[in-house]
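Trainee: Compute the structure for the input listed below.
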Amino acid sequence: MVASTFISKILKAERFDGTNYASWQRKMGYVIYEEGLQEMLYGHCPYRPRSNSSQETKDEYVSWKHKNMRCWHILLCAMSDSYASEYESISIAKVINDRLNREYADHSLMKQSMVMKKYNELKMSVEMDHMHSFRVLV
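Mentor: Residues are numbered from 1 along each chain as shown. A predicted model of the protein is given here:
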């Protein structure tokens, strides 16, 4: 119950919208870890077992498939609708994660967005300080 509350708070707090990849990825890391699904994003994707494969191999594949779907749903639920519809045709969570990394994990872009965020926060705090001083004077 606590884990689901934790996850729902994170999913509601910030959805991926194309501009917030670094913070979104960090928060998804928390969620994926809490759900025990790290291997879905960083492990290998198994091949579909053949009909003559052992039952153990078939069971492992079914387990992987179930975990993949859980991870897939978490990733898509944490995206804005336009991005979710773009990525929902990809059925493997690891492939979605790898594609997002390729497309949005530009370190210079992340640094630039963090600098702009800090600038806007600083600008906002300076304006608020001035407004407070003005109100005191009035």
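
Trainee: which non-adjacent residue is nearest the residue most central in space within the chain?
Mentor: Nearest to the mean C-alpha position of the chain, counting by CA atoms, centre = their mean, stands Met28 at 3.7 Å. Computed as CB to CB, 6 or more residues apart in numbering, the closest residue to Met28 that is not its neighbour in sequence is Ala78, at 6.1 Å. Yep, even glycine has a C-beta here, placed from its N, CA and C like the rest.

Trainee: what about the protein, any weak spots by pLDDT?
Mentor: Judged by pLDDT under 70, the chain has its weakly predicted residues at 1-7, 106-116, 119-120, 122-138.

Trainee: show me where it has helices.
Mentor: Remark: helices assigned in the chain by DSSP state H are 2-13, 21-35, 38-42, 55-77, 81-87, 93-104, 107-137.

Trainee: wait, what's in contact with the residue nearest to the centre of the chain?
Mentor: Ile74, Leu75, Ala78 (CB atoms under 8 Å, 6 or more residues apart in numbering).
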